[in-house]
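> Kindly generate the corresponding structure for this input.
(one chain, ligands or ions: 2)
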Amino acid sequence: MRAEMPDVVSGQPGAGKPDPVLVIDSITRSFGGVRAVDVAHLEFQRGWITGLIGPNGAGKTTLFNLLTGFDRPDTGRWTFDGTPLSRLAPHQVARRGVVRTFQLTKALAKLTVLDNMRLAAPGQTGERFFGALIGTWGRQEQANTRKAMELLTRFQLDAKAYDLAGCLSGGQRKLLEMARALMMDPTVVMLDEPMAGVNPAPTESLLQHVKSLRDDGMTVVFVEHDMDVIRDISDWVVVMAQGRVIAEGRPEVLSSNEAVVDAYLGAYHDQALEFDAEGNPVGQTAVLVAEIESELEAAIERGQDLSA
Ligand SMILES: Nc1ncnc2c1ncn2[C@@H]1O[C@H](COP(=O)(O)OP(=O)(O)OP(=O)(O)O)[C@@H](O)[C@H]1O
Ligand SMILES: [Mg+2]
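Numbering: from 1, shown residues only. Ligands and ions are numbered 1, 2, ... in the order given. Next comes the predicted model:
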C-alpha cells in the first residue's frame, strides 16, 4: 500500500509537503574546501517513505549525520514536529524520535542478539552498558527485554536471541540493525543503505520490513542506490548532488527524468560499494566499514548512547 500522494505537492527542489515532520532550512556543512551539504530547504512528509538518492559523495550520509546529531552543521537549522533539533546530541535526538540505524560493529558482534537490542533501549546511557555486564537488570530492563523479544519475533530473529550477533548472516544483521532502531519507538527512522551487500532473497524481506515501518505510521528516510528498489518502495524521492537537492518528486516521475538518471546516477556503478559473496565488505568499502567500526567501538568505551 502506497501512501496517499496529494496533488498539491510540487516536484520542485524544496517543495512544501502537506504535513512535514522534518523541515530543514539553509543547512551547510563543509569539509576543507568541499561543501558536503548545502540544502536551502527540504521537507520530509510524515508517514511517507522518502528515498534519498544521488551519486557517491553527494552528501546523503552527511545529511543523515547532521539530522541525527552525529555531526554539527556550519550553518542552518531544522525542526522536528515544529521543535528545533539543531543543537542536540545524538541520544537526545533519538529520544525525541529521530533514529538512525548503525552497523553491527566488532564489539557489538561479540554480544548476543538480545543484548544488542537491550543496549538500544532508551534510558541510562553508559550505565546501561556496564549495568548489563555486571548483571544489574532492574524492572526497566525486564520491560526492555520483553520489548526486545517482541521486536526480534517481528523480524524473525527470536530463535537467534541468545546467539552472538556476529554469527548472523548478512541479511539478519540488517534486520537486527532495523530492529534495534525500533527499541526507541521512533517517529522517523533513517536508513542509510540498509540493504547494501545483502543477497536478493533477504533483500526482498528487508524491503517488506521497511514498508511495514511506514504501515505502522513511521516516517522513513532511506538512502539507496538501486533504482528498482527506490521505485518499488518510495512514496517520494529526493535527489542530491554535490550537497544540494537538485530534484524531488514521485518515483515514477523522477526515474523517467533522463537528466537525473544520466547526470547523477549513471556514474554510480563505477564506484559501488563492494562486498564479497558472504556480504563482507572488500576494498575501499572495507576501509570505510573499519572506520565506522572503530568509531562505534570508541563510543562504546566512552559509554555513549548507542541507540542513536
Ligand atoms: N568526516 C569527513 N571528513 C572529510 N570529508 C568528508 C567527511 N565526511 C564526508 N566528507 C566528504 O563530504 C562529501 C559528502 O560525503 P557523503 O559521505 O555525505 O556522501 P554520500 O552521498 O553519503 O556518498 P555515498 O553514496 O558514497 O555513501 C564527500 O565529498 C566526502 O568526501
Ligand atoms: Mg553515504
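> Pop out the phi and psi values for Leu108.
phi -70, psi -30 (degrees, to the nearest 10).
> Would you confirm that it contacts Asn116?
Yes. Here Leu108 reaches Asn116: they are 5.6 Å apart, a contact under Cβ atoms under 8 Å. Heads up, the C-betas are built off the backbone N, CA and C, glycines and all.
> what residues are shared contacts of these two?
Listed contacts common to Leu108 and Asn116 are Ala165; contacts here mean Cβ atoms under 8 Å, 6 or more residues apart in numbering.
> Next to ligand 1, which bits of the stretch 151-300 of the chain? Give me the list.
Counting by Cβ under 6 Å from any ligand atom, no residue of the stretch 151-300 of the chain lies close to ligand 1.
> how about the helices of the stretch 151-300 of the chain, start to end?
Using DSSP state H, counting those that start in this stretch, the helices of the stretch 151-300 of the chain run over residues 170-182, 200-215, 227-233, 251-254, 258-260, 283-301.
> okay, now the residue of the stretch 1-150 of the chain found nearest ligand 2: neighbour count?
Of the residues in the stretch 1-150 of the chain, the one nearest ligand 2 is Thr61, at a distance of 3.1 Å by Cβ to the ion. Neighbour count of Thr61, defined by other Cβ atoms under 10 Å: 19.
> Is it within a helix or a strand, and which one?
For Thr61, the host element (DSSP states H and E) is helix 60-67.
> Show me what that helix is packed against.
Packed against helix 60-67 by the contact rule (3 or more Cβ pairs under 8 Å, 6 or more residues apart in numbering; DSSP states H and E) you find strand 20-31, strand 34-45, strand 49-53, strand 188-192, strand 219-223.
> tell me which residues in the last one are buried?
Taking 16 or more other Cβ atoms under 10 Å as the basis for neighbour counts, the residues of strand 219-223 that come out buried are 219-223.
> So which of these is the closest to ligand 2?
Nearest member of these to ligand 2, counting by Cβ to the ion, is Val223, at 6.2 Å.
> is it true that that closest one touches Glu193?
Yes. If you go by Cβ under 8 Å, Val223 and Glu193 touch, sitting 5.4 Å apart.
> need the least confident one among the helices of the stretch 151-300 of the chain, by mean pLDDT.
With a mean of 57, helix 258-260 has the lowest mean pLDDT of the helices of the stretch 151-300 of the chain.
> re the thing from before, just send the helices and strands packed on helix 60-67 back as TSV, with distance to Leu66 and mean pLDDT too.
As requested, the helices and strands packed on helix 60-67 are exported to TSV (distance: least, Cβ to Cβ, whole Å; pLDDT from 0 to 100):
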stretch	distance to Leu66	mean pLDDT
strand 20-31	6	97
strand 34-45	6	96
strand 49-53	13	95
strand 188-192	11	94
strand 219-223	12	96
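> Any chance of TSV for these, columns distance to ligand 2?
Formatted as TSV, these follow (distance: least, Cβ to the ion, whole Å):
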stretch	distance to ligand 2
strand 20-31	13
strand 34-45	10
strand 49-53	10
strand 188-192	6
strand 219-223	6
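> where does the stretch 1-150 of the chain come near ligand 2, residue by residue?
Within the stretch 1-150 of the chain, the positions near ligand 2 by Cβ under 5 Å from the ion are 60-61.
> which intervals of the stretch 1-150 of the chain have sub-threshold pLDDT?
Applying pLDDT under 70 to the stretch 1-150 of the chain flags the ranges 1-10, 122-140.
> can you tell if stretch 195-205 touches ligand 2?
No. Using Cβ under 5 Å from the ion, stretch 195-205 never reaches ligand 2; the gap is at least 9.5 Å.
> ok, now which ones touch Asp276?
Val282.
> distance of it from Gly166?
According to Cβ to Cβ, to the nearest Å, Asp276 and Gly166 sit 16 Å apart.
> Please report phi then psi for the nearest residue to Ala161 once chain neighbours are set aside.
The spatially closest residue to Ala161, leaving aside those adjacent along the chain, is Leu114, at 4.3 Å (Cβ to Cβ, 6 or more residues apart in numbering). The phi/psi pair for Leu114 (degrees, to the nearest 10) reads phi -60, psi -40.
> if we can go back for a sec, distance between the next helix or strand after the helix holding Thr61 and the chain's centre?
Downstream of helix 60-67, the next assigned helix or strand under DSSP H and E is strand 75-80. Centroid separation for strand 75-80 versus its chain: 18 Å, with Cα atoms, centre = their mean, to the nearest Å.
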